[in-house]
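Colleague: I would like the atomic coordinates for the input below:
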Amino acid sequence: MIKVGDTVLWRGHWGSDPAKPARVEAMELCEQPRQKYGIQVETIHYRDKDRTLFVLDNGHWAYGYQIDKENVE
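Modeller: Numbering: from 1, shown residues only. The predicted structure follows:
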């Protein structure tokens, strides 16, 4: 699961930059991958991340393929 407030690893520059931690501020679950508008949600299953648009606390937004879970305990 990924929830608003979670820290994730984000890869900027369309996924080609090194991964950096970022906190999820908002998410929109879309019908298809790489769509920019969907239904605002608080939680998603990790399997649905590729059709989710993420708004991050670093001033960026990201498609799901740019996001990975961060291994924080």
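Colleague: CA only for contacts and neighbour counts going forward, please
Modeller: Fine.
Colleague: Quick check, central residue of this structure?
Modeller: Centroid-nearest residue in the chain: Phe54, 3.8 Å away (criterion: Cα atoms, centre = their mean).
Colleague: Can you verify my assumption that that residue contacts Asp68?
Modeller: No: with contacts defined as Cα atoms under 8 Å, Phe54 does not count as touching Asp68, sitting 11.5 Å away.
Colleague: Can you read off the pLDDT for Lys69?
Modeller: At Lys69, the model reports a pLDDT of 85.
Colleague: Just the CA trace of stretch 11-18, in PDB.
Modeller: C-alpha atoms of stretch 11-18 as PDB (Å, rounded to 0.1, in the frame of the first residue of the first chain):
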ATOM      1  CA  ARG A  11      13.100   9.400 -10.100                       C
ATOM      2  CA  GLY A  12      12.900  12.800 -11.800                       C
ATOM      3  CA  HIS A  13      13.600  13.500 -15.500                       C
ATOM      4  CA  TRP A  14      11.000  11.000 -16.600                       C
ATOM      5  CA  GLY A  15      12.500   8.200 -14.500                       C
ATOM      6  CA  SER A  16      16.200   8.600 -15.600                       C
ATOM      7  CA  ASP A  17      17.500  10.600 -12.600                       C
ATOM      8  CA  PRO A  18      18.900   8.900  -9.500                       C
END
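Colleague: and that stretch, how far from the chain's centre?
Modeller: Between the centre of stretch 11-18 and the centre of its chain there are 13 Å (Cα atoms, centre = their mean, to the nearest Å).
Colleague: Also stretch 43-53?
Modeller: 8 Å.
Colleague: tell me which strands and helices the longest strand belonging to the chain is in contact with?
Modeller: For the chain, the longest strand by residue count, based on DSSP state E, is strand 20-29. Judged by 3 or more Cα pairs under 8 Å, 6 or more residues apart in numbering; DSSP states H and E, strand 20-29 is in contact with strand 7-10, strand 39-41, strand 52-56.
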